[in-house]
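1. sequence? don't have it. structure:
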């Protein structure tokens, strides 16, 4: 339906489009005297109303088939536009209109999840900041942890987008790595807390070893090198394995 258009009857009687008042009059057998078009359309519309209206004739259901992928941006844009059209017609015709179903439910879910995602990021960030700061008694370590974890998540999410949406490795012809079908909308917000948990786990593991070596009397530089030597292999291998599974 073109933007800005109105809901209109698809029924024509002798090539004359019926108005909303004529349709209601034909269904209720309350046509204005002398309105022959309304009277002539009454038998057909009364029969249709018995099939599609409820018993007290206060509601009806109309089924629409979009003809496009319900998960795609095109469908979501169309549903948003159509709902705006419904609101315009609610005012114009004095009726209540709503839209539901698989496509509309998907559109609502995507909008709700992505609107809530920033709040989830703020909450997780605050929790990580407080937890690390209290554990190591250092706000600097806590901020450093937030920055490094954020960089890890940006790398994983960005590479996933470039791989599956932009076709970064499409030249390889190697299974799903070469796919350009995109990502399901639920993947990025679902993977986010998992990535935070994995990154935070190994980050604390690494920092804890540095603190232990520092308390044993090593200099800051030597403690960092020793901590990296002790934890580097397991952390690097585990993160690599996890990212391969995610991809």
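-> Received the coordinates, thanks. Being a predicted model, the structure only gives us computed values, none of them experimental.

2. residue furthest from the geometric center of this protein?
-> residue 34 (53.6 Å; CA atoms, centre = their mean).

3. please name the residues that touch residue 38.
-> 18, 22, 25-26, 31-32 (CB atoms under 8 Å, 6 or more residues apart in numbering). Heads up, the C-betas are built off the backbone N, CA and C, glycines and all.

4. host element of it?
-> helix 36-52 (DSSP states H and E).

5. how about that helix, which residues are buried there?
-> Residues 37-39, 41-42, 45, 49 are the ones in helix 36-52 that count as buried (16 or more other CB atoms under 10 Å).

6. could these go into CSV alongside pLDDT and distance to residue 84?
-> What follows is the buried residues of helix 36-52, written out as CSV (pLDDT from 0 to 100; distance: CB to CB, whole Å):
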residue, pLDDT, distance to residue 84
37, 78, 31
38, 81, 30
39, 82, 35
41, 80, 30
42, 81, 33
45, 78, 28
49, 77, 27
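
7. check which helix or strand the residue farthest from the centre of the chain maps to.
-> Judged by DSSP H and E, residue 34 forms part of no helix or strand.

8. let's verify the residue nearest to residue 132 when sequence neighbours are not counted: helix, strand, or coil?
-> Leaving aside its sequence neighbours, residue 132 sits nearest to residue 142 (CB to CB, 6 or more residues apart in numbering; 4.1 Å). Under DSSP: H, G, I helix; E, B strand; the rest coil, residue 142 falls in the helix class.

9. next one: residue 30
-> coil.

10. would you confirm that the residue nearest to residue 132 contacts residue 125?
-> No: Residue 142 lies out of contact with residue 125 (CB atoms under 8 Å); the separation is 10.2 Å.

11. related to what we said a few turns ago, quick one: the helix holding residue 38 to chain centroid distance?
-> Its chain's C-alpha centre and that of helix 36-52 lie 42 Å apart, by CA atoms, centre = their mean, to the nearest Å.

12. packing partners for the helix or strand just after that helix?
-> Next along the chain after helix 36-52, taking DSSP H and E as the criterion, comes helix 73-93. Judged by 3 or more CB pairs under 8 Å, 6 or more residues apart in numbering; DSSP states H and E, helix 73-93 is in contact with helix 102-136.
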